[in-house]
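Visitor: Build me a model:
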Amino acid sequence: MRVLSLLLLACVLVSCKNEKKQLIIDQKKNPLIYPDEKHFKNLTQITFGGDNAEAYWSFDDKQIVFQSNNKNWNVNCDQMFLMNVGETFKNKMPPMISTGFGRTTCAYFLPDNKHFVYASTHLVDKECPEVPLRKNGKYVWPIYDSFDIFVSDLQGNIVKQLTNQIGYDAEATVSPKGDKIVFTSTRTGDLELFTMNIDGTNVKQITNELGYDGGAFFSPDGTKLIFRASRPKTAEEIKAYKDLLAQGLVEPTDMELFICNSDGSELRQLTELGNANWSPFFHPSGKKILFSSNFEAERGFPFNLYMIDLDGKNLERVTHGETFDAFPVFSNDGKKLIFSSNRNNGGGRDTNLFIAEWQD
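Guide: The predicted structure follows:
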């Protein structure tokens with residue numbers, strides 16, 4: 001038994017050495033992959049300039065829709081663009097599939113792979129709205145009450161308007177089952193989650209607690225929702241939140257992840273990490289959540305990707321950058337992950353899209 005134990009130990013040590021050696025070799029082959037990013041079998045950069053984010057796969061995994069403000073693509077603020085999987089855009093411009101007016105956000109394919117939903121401000125103003133970045137010295141996000149949600153074909157023709165309520169309607173994503181859309185709205189006076197049918201009917205409120213509920217995604221089987229939320233508690237926090245919201249602003253620096261059934265039942269807090277935990281997405285197994293967080297940062301950065309079980313256990317760091325990794329989204333077949341990152345931008349501020357071959 002002792003000899004067998006020694007042999008087993010030797011095999012383990014050799015295996016560990018081989019894994020480390022293989023990791024070093026892989027990183028030499030692909031310098032985009034940082035040390036310890038063991039879930040990335042390969043990594044490809046597909047955009048090269050501007051801010052590119054919120055990239056989502058078509059249901060057949062053949063195309064991707066994303067938003068960009070790349071000035072070389074003749075836009076002054078976020079518009080929607082389309083790519084075929086396998087394309088890169090270093091020296092060419094992808095087709096723009098939004099109107100080119102106003103500001104857009106949060107596009108998502110519909111099940112037919114021929115249409116997508118997105119939010120836009122173009123009905124109120126064709127110009128790009130002002131983007132306040134700070135209020136009273138604090139970082140803020142604008143919540144434009146001019147955002148409404150539309151359905152468009154892949155040639156950029158709007159075929160339907162899904163929301164027409166007063167206030168912010170945006171952040172729409174579609175269930176993998178193809179039957180429901182979840183979105184964030186201020187129609188009740190606070191930033192809450194709602195669901196509706198694909199055609200915009202049967203709107204139901206999902207959350208009703210004070211705070212910013214947003215960035216929601218369905219589980220692979222469509223039965224659950226994962227989302228980010230702020231939860232002001234003290235009188236001072238509540239006043240600050242309401243004052244900013246009245247100005248169409250939120251402060252996104254203190255958010256945790258929450259999970260519930262798709263009808264809003266069994267709502268519970270998933271993380272208690274502190275700082276900003278956001279852009280969550282279900283692992284293909286439906287048993288884990290991949291998300292972005294700066295909870296380990298002392299001064300707001302870096303943001304890295306982490307993975308956690310649905311019971312809040314087994315937190316694992318996935319990326320190991322020193323700047324920004326966020327918006328992770330798995331392909332429908334679970335084989336690839338697209339995300340936004342500041343890596344390989346020459347030390348500038350560009351945020352580009354990367355596709356990783358995923359390995360568990």
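Visitor: isn't Asn52 right up against Phe66?
Guide: Yes. Applying CB atoms under 8 Å, one finds Asn52 in contact with Phe66, separated by 6.0 Å. All C-beta atoms are positioned from the backbone trio N, CA, C, and that covers glycine.
Visitor: Identify the contacts common to these two.
Guide: Counting by CB atoms under 8 Å, 6 or more residues apart in numbering, the residues touching both Asn52 and Phe66 are Leu353.
Visitor: Looks like Ser120 contacts Val151 (just checking).
Guide: No. The pair Ser120 / Val151 is not scored as a contact, 11.3 Å apart, by CB under 8 Å.
Visitor: So which of those two has more stuff around it?
Guide: A direct count of neighbours by other CB atoms under 10 Å for Ser120 and Val151 places Ser120 higher, at 28 against 20.
Visitor: tell me the contacts of that one?
Guide: By CB under 8 Å, 6+ apart, the contact set of Ser120 is 98-99, 101-105, 147-148, 150.
Visitor: Repeat the analysis, applying 7 Å as the threshold.
Guide: Neighbour list for Ser120: 98-99, 102, 104, 147-148, 150 [criterion: CB atoms under 7 Å, 6 or more residues apart in numbering].
Visitor: so how far is Ser152 from it?
Guide: Computed as CB to CB, to the nearest Å, the Ser120 to Ser152 distance reads 9 Å.
Visitor: what touches both of the two?
Guide: Counting by CB under 7 Å, 6+ apart, Ser120 and Ser152 have no contacts in common.
Visitor: and stretch 319-339, which residues are buried?
Guide: Buried residues in stretch 319-339, counted by 16 or more other CB atoms under 10 Å: 319, 321, 324-332, 336-339.
Visitor: what do you get for stretch 118-127?
Guide: By 16+ other CB under 10 Å, the buried positions in stretch 118-127 come out as 118-123.
Visitor: Looking at these, spot the one nearest Arg299.
Guide: Nearest to Arg299 out of the buried residues of stretch 118-127 is Ala119 (CB to CB; 31.4 Å).
Visitor: quick one: that closest one and Thr173 touch, right?
Guide: No. At 11.2 Å, Ala119 does not count as touching Thr173 under the criterion of CB atoms under 7 Å.
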